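Undergrad: here is my input, please return the structure:
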Amino acid sequence: MRNSTVSEADVERFRCLLGDCAGGRSPSQAPHWNQWVRYRNSLRGLHTIGAYQGDPPPLRGLTFPTLVVNGAETVAFHRAINAALVRTRLLAEALELPGSYNSPASAPDYFAAEWLKFHRRAYAGRSQQPLSVGRFDAAPHID
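TA: This next block holds a predicted model:
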């Protein structure tokens, strides 16, 4: 798919690989189908994940705290990537929220409260003060 147009059939096959065809159901019946189709050309970049040959040590050297968020229903593919990131990063913490890949949108108030707690823990004793939380709007994302 790297240099081609991604069709709705490609989106459906990909969603099935992620487990969305269990019980014979079609991903095209899912509530997020229109969003997946809208952003279908994002699938062109998936080859970069499997082809990545980088060395994780540079990630260990990053000095900023990182909160890695999973949804309780996030597919195993994404959960494995996030778990590897948490293992690799010295200052990383994992947070699981309700929902799937766009989990902050599923529970924005809970996400904001947990993010603020993380920020306060991460910056405790540092000169930089935790940020105040006004309102969080999760960016649209393919589920």
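
Undergrad: pLDDT at the closest residue to L91 other than its chain neighbours, what is it?
TA: Excluding its sequence neighbours, the residue lying closest to L91 (CB to CB, 6 or more residues apart in numbering) is P65, at 4.5 Å. C-beta here means a position set from N, CA and C on the backbone, and glycine is covered the same way. Note for P65: predicted pLDDT of 88.

Undergrad: wait, P65 touches Y123, no?
TA: Yes. Here P65 reaches Y123: they are 7.4 Å apart, a contact under CB atoms under 8 Å.

Undergrad: so where's the longest helix in this protein?
TA: helix 108-122 (DSSP state H).

Undergrad: run through the bridge partners of the closest residue in space to W115 that isn't next to it in sequence.
TA: Leaving out its chain neighbours, the residue that sits closest to W115 by CB to CB, 6+ apart is L67, at 6.3 Å. On the basis of DSSP bridges, L67 is bridged to E93.
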